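S.K.: quick check, what structure comes out for this input:
(chains A and B)
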2 protein chains.
Amino acid sequence: MLKVLKFGGTSVGTLERIQNVANIIKKIKDDGHDVIAVVSAMSGETNKLIEYSEHFSKTPNKCEMDMLLSSGERVTSALLSIALNEQGYEAISMSGRQAGIVTDDAHTKARIEGIDTTSMKKAISDGKVVVVAGFQGVTEEGRVTTLGRGGSDLTAVAIAGAINADVCEIYTDVDGIYTTDPRIEPKAKKLDKISYDEMLELASLGAKVLQNRSVEMAKKLNVNLVSRSSFTPEIEGTLITKEENIMEKPIVSGIALDRNQIRVGLYGLTDRPGIAASIFTSLADENINVDMIVQTKGTDGKTNLDFTIPTTDFESCKKVMSKFDNDDSTKIDYSDEICKVSIVGVGMKSHTGVASKAFATLAKENINIRIISTSEIKISMIILEKYAELAVRALHDAYNLDK
Amino acid sequence: MLKVLKFGGTSVGTLERIQNVANIIKKIKDDGHDVIAVVSAMSGETNKLIEYSEHFSKTPNKCEMDMLLSSGERVTSALLSIALNEQGYEAISMSGRQAGIVTDDAHTKARIEGIDTTSMKKAISDGKVVVVAGFQGVTEEGRVTTLGRGGSDLTAVAIAGAINADVCEIYTDVDGIYTTDPRIEPKAKKLDKISYDEMLELASLGAKVLQNRSVEMAKKLNVNLVSRSSFTPEIEGTLITKEENIMEKPIVSGIALDRNQIRVGLYGLTDRPGIAASIFTSLADENINVDMIVQTKGTDGKTNLDFTIPTTDFESCKKVMSKFDNDDSTKIDYSDEICKVSIVGVGMKSHTGVASKAFATLAKENINIRIISTSEIKISMIILEKYAELAVRALHDAYNLDK
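M.R.: Numbering: from 1, shown residues only, chains lettered A, B, ... in the order given. Sure thing, here's the model as predicted:
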């Protein structure tokens, strides 16, 4: 098999951990596989370089920031190659450029436009381990670019797609995707397999493990993604793959919790055509990400709107809302004491009664549901934040996720 | 004027010092000059990376060492560019590759084979300051190489030669070349100008400032080299140039002292043809750098040899000598209590009496001269090391170098 392995900053955070990564690769090579390893900068290095740049400028030249920040991954790739060569496993480091990664010129958040895999294929066919400096590429003009947050994951997935690898394993300090956050529900179980779409909906469960941008790219390029830990490499991780590859589809795969939500209520709006459109257009213009929306009619002919936004958009949302607060009868109400609980599972498509079980479960615990929204594979509910853990545990139990 | 400026590790050793370098460049730009700055890694960075590599291997893969070590200069070049851009001086960093520097594939000690100056010329004609990461290049195949000790100086000199710059200024923490070591003779004076050949002979005076490899390349490429300090940029440094550019040729330019010498004496050798040749061939085979040689005939028909070697070659020299120590009448004698004092000046070529003045000066101080050797522009004398400072001061005075 041809395996693309990605090791994040924590996995290569010290010289001892880089040696540990070399040992993981050796074992995989000994098992007869070919390996392309994509590495991040040693944890702390990128922040150190950013601090350096801030000494000179609050808005440093982005092109130069890319030259600066790309150096951390180069160091790790060389060190890992040295460690592998020392133990008799021929290895060659490659910068983004040397690996053939061409991006657009959106410095500090570039997008990969293509990968010329010639050099990597040559090295692999020579029996070498290829160690690629993640997070970086070059423009057509030869300037160094970086890919922004989660960039090394993107490098790994893009390479796996371009070179048609059998699997792309993302190593972090977490050994996979769980049915829910084990800190809330100790009975949470690690999933063996999960579909791309479920993973995207369970983002909050995997946020520290997999960025949505990488999962989306894996889905697009049809790359089998594995989330596993470099600290416990003996434990098989979670395979994220296309739905067709999952034989036994569970009705519910996991329960996600998102605390970073603000509920916005607009009450007593004069109900004229286009009022909702004009509010949400104004919000969209400010790049505010509106999540769940409920519109209800009051008995007085007025209309009420409830919707949620991420906590980070709170200040800019308040500014937009002030424009609509010019009617004496309009009331605006914000609450950050809420959270979003989501039930995710591809099996929902073909099973009924999943939603009603959720409502019944929360009702039994006397938890009031403020807003509900559903998609083909997800049911999300806004509830008071103080019930968050209770709701997660009750739902986890109701759908037998610990079995 | 087009100026190539080189800033060494100490000159860019902290963020404050990088800002200081930016200020130096700004002033030169304000004076209407074009600037290509070549930078080293921040002092300590390269050693840190070497220590990292030693964690994994005592003989790390050289190709990977180059990938590793080249990152330090990239960081400095990006930071300096950020500092310049922030202050409104458009700047662009370039790695060795981006600057067009092609080398052979002798990793960790590569030689520059050519420089494609297209990108640098384009940036200069756009009014930009070009900031080149020193010490590095790429092979024809695109692998990163480093140039070994003094590599950033070589980068600067080679660029100045390739792009036909008016001057190549090497900034260190010393403000030029002195008539002798000011720690020995406080009356030593900074030289305004000196020829390449004098500089090469005065190596010990400039050792911490300019490596002979760079001076040799400057001579070959006819590059005007200036040694000056980034800590006192207002002080003009010393210009190292071709002899024809120096109008008023001093008879003596400086007095150099080299303490790292061992005197080897071979006495009572049977005087047969080829004996000296066989000894010095054996030494050359071991890469031992023999400096001064004197052969004298004893009254008994035997021959005596005295020569000097660098202290670093002492052990390997002893091994070679043991081969010639098989004759009962042969005596071998080593002394490390000696030093070499040299008087250097292009004016010697056309003036007589320079050597006799040196001998008389030392005789007056009761200093015995053990070996003498002369070249067109140098007189070197081996004396006991305890007289080193006395001899330097006496000679400095005798040739009026403080005037």
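S.K.: all helices of chain A, in order?
M.R.: Assigned by DSSP state H, chain A shows helices spanning A:15-30, A:45-56, A:62-86, A:118-125, A:151-162, A:196-201, A:203-206, A:212-221, A:275-285, A:314-322, A:354-364, A:388-398.
S.K.: C-alpha coordinates for the second one, PDB please?
M.R.: The reference is to helix A:45-56. Presented in PDB, the C-alpha positions along helix A:45-56 are these (Å, rounded to 0.1, in the frame of the first residue of the first chain):
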ATOM      1  CA  GLU A  45       8.000  27.200  16.400                       C
ATOM      2  CA  THR A  46       5.400  28.900  14.200                       C
ATOM      3  CA  ASN A  47       4.200  31.100  17.100                       C
ATOM      4  CA  LYS A  48       7.800  32.000  17.800                       C
ATOM      5  CA  LEU A  49       8.300  33.200  14.200                       C
ATOM      6  CA  ILE A  50       5.000  35.100  14.300                       C
ATOM      7  CA  GLU A  51       6.200  36.900  17.500                       C
ATOM      8  CA  TYR A  52       9.400  37.700  15.700                       C
ATOM      9  CA  SER A  53       7.500  39.300  12.800                       C
ATOM     10  CA  GLU A  54       5.300  41.300  15.200                       C
ATOM     11  CA  HIS A  55       8.500  42.900  16.500                       C
ATOM     12  CA  PHE A  56       8.800  44.700  13.200                       C
END
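S.K.: what angle do it and helix B:62-86 make?
M.R.: Compare the direction of helix A:45-56 with that of helix B:62-86 by axes from the mean of the first three to the mean of the last three Cα atoms, to 10 degrees and you get 30 degrees.
S.K.: average pLDDT across helix A:45-56?
M.R.: Per-residue pLDDT values over helix A:45-56 give a mean of 96.
S.K.: residue contacts, the residue of the stretch 301-403 of chain A found nearest chain B?
M.R.: The shortest separation between the stretch 301-403 of chain A and chain B is 27.5 Å, found at A:Thr312 (distances taken as Cβ to the nearest Cβ). The way it works is simple: take the backbone N, C-alpha and C, and place the C-beta from them, glycine included. Taking Cβ atoms under 8 Å, 6 or more residues apart in numbering or on different chains, we find A:Thr312 in contact with A:Asn260.
S.K.: closest to B:Ala156 out of the helices of chain A?
M.R.: helix A:62-86 (19.2 Å; Cβ to Cβ).
S.K.: check whether the closest one contacts chain B.
M.R.: Yes. Helix A:62-86 lies in contact with chain B when judged by Cβ under 8 Å from any Cβ of the partner chain; the contacting residues are A:63-65, A:67-68, A:70-71, A:74-75, A:77-79, A:81-83, A:85-86.
S.K.: hang on, the earlier thing: format the helices of chain A as CSV; extra columns: distance to B:Leu49.
M.R.: Putting these into CSV (distance: least, Cβ to Cβ, whole Å) gives the following:
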stretch, distance to B:Leu49
helix A:15-30, 12
helix A:45-56, 12
helix A:62-86, 7
helix A:118-125, 23
helix A:151-162, 20
helix A:196-201, 38
helix A:203-206, 34
helix A:212-221, 30
helix A:275-285, 48
helix A:314-322, 43
helix A:354-364, 55
helix A:388-398, 47
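S.K.: save the ones you listed as a markdown table, and put in distance to A:Pro182 and mean neighbour count too.
M.R.: Written out in a markdown table, the entries for those read as follows (distance: least, Cβ to Cβ, whole Å; neighbours: other Cβ atoms under 10 Å in any protein chain shown):
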| stretch | distance to A:Pro182 | mean neighbour count |
| --- | --- | --- |
| helix A:15-30 | 23 | 18 |
| helix A:45-56 | 28 | 16 |
| helix A:62-86 | 29 | 27 |
| helix A:118-125 | 37 | 16 |
| helix A:151-162 | 22 | 27 |
| helix A:196-201 | 17 | 23 |
| helix A:203-206 | 10 | 22 |
| helix A:212-221 | 21 | 19 |
| helix A:275-285 | 35 | 14 |
| helix A:314-322 | 29 | 14 |
| helix A:354-364 | 20 | 15 |
| helix A:388-398 | 11 | 19 |
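S.K.: worst average pLDDT in those helices?
M.R.: The stretch with the lowest mean pLDDT among the helices of chain A is helix A:203-206, at a mean of 69.
S.K.: separation between A:Thr330 and A:Thr270?
M.R.: Between A:Thr330 and A:Thr270 the distance, using Cβ to Cβ, to the nearest Å, works out to 8 Å.
S.K.: more neighbours: the two, which one.
M.R.: Taking other Cβ atoms under 10 Å in any protein chain shown, A:Thr330 and A:Thr270 do not tie; A:Thr330 has more neighbours (15 against 11).
S.K.: who are the contact partners of the more buried one?
M.R.: With Cβ under 8 Å, 6+ apart as the criterion, the residues that contact A:Thr330 are A:266-269, A:324.
S.K.: list just the nearest of those residues to chain B.
M.R.: Distance to chain B, by Cβ to the nearest Cβ, is smallest for A:Phe324 among the contacts of A:Thr330, at 41.2 Å.
S.K.: the closest one against A:Tyr267, yeah?
M.R.: No. Applying Cβ atoms under 8 Å, one finds A:Phe324 not in contact with A:Tyr267, separated by 11.5 Å.
S.K.: quick check: neighbours shared by these two?
M.R.: By the contact definition Cβ under 8 Å, 6+ apart, A:Phe324 and A:Tyr267 are jointly contacted by A:330, A:332.
S.K.: could you tell me which residues of the stretch 51-200 of chain A lie near chain B?
M.R.: For the stretch 51-200 of chain A, the residues in contact with chain B under the definition Cβ under 8 Å from any Cβ are A:52-53, A:55-57, A:60-61, A:63-65, A:67-68, A:70-71, A:74-75, A:77-79, A:81-83, A:85-86, A:91-93, A:95, A:98, A:142-144.
S.K.: check the residue nearest the centre of chain A and give its pLDDT.
M.R.: Central residue check for chain A by Cα atoms, centre = their mean: the C-alpha nearest the mean position is that of A:Gln211, 2.0 Å away. Each residue has a pLDDT score; the one for A:Gln211 is 86.
S.K.: I figured it hits A:Gly148, correct?
M.R.: No. With contact defined as Cβ under 8 Å, A:Gln211 and A:Gly148 do not form a contacting pair (9.8 Å).
S.K.: can you tell me which residues contact A:Leu69?
M.R.: The contact partners of A:Leu69, taken as Cβ under 8 Å, 6+ apart, are A:41, A:46, A:49-50, A:108, A:135, A:146.
S.K.: quick check: closest non-adjacent residue to A:Gly345.
M.R.: Residue nearest to A:Gly345 in three dimensions, not counting chain neighbours: A:Val252, with 3.9 Å by Cβ to Cβ, 6 or more residues apart in numbering or on different chains.
S.K.: how close does that neighbour get to chain B?
M.R.: Separation of A:Val252 from chain B (Cβ to the nearest Cβ, to the nearest Å): 46 Å.
S.K.: count of residues packed around that residue?
M.R.: Taking other Cβ under 10 Å as the neighbour definition, A:Val252 ends up with a count of 25.
S.K.: need phi/psi at it.
M.R.: The phi and psi values for A:Val252, taken as degrees, to the nearest 10, are phi -120, psi 130.
S.K.: check contacts around it.
M.R.: With contacts taken as Cβ under 8 Å, 6+ apart, A:Val252 has the following neighbours: A:343-345, A:347-348, A:354, A:399, A:401.
S.K.: as a quick check, tell me the outermost residue of chain A.
M.R.: Of all residues in chain A, A:Asp300 sits farthest from the chain's C-alpha centroid, using Cα atoms, centre = their mean; the distance is 44.1 Å.
S.K.: residue contacts, that residue?
M.R.: With contact taken as Cβ under 8 Å, 6+ apart, A:Asp300 is in contact with A:Gly268.
S.K.: same thing but 7 Å
M.R.: Counting by Cβ atoms under 7 Å, 6 or more residues apart in numbering or on different chains, A:Asp300 makes contact with nothing.
S.K.: tell me the contacts of the nearest residue to A:Ala355 once chain neighbours are set aside?
M.R.: Nearest residue to A:Ala355, sequence neighbours excluded (Cβ to Cβ, 6+ apart): A:Ile379, at 5.2 Å. By Cβ under 7 Å, 6+ apart, the contact set of A:Ile379 is A:342-343, A:354-355, A:358.
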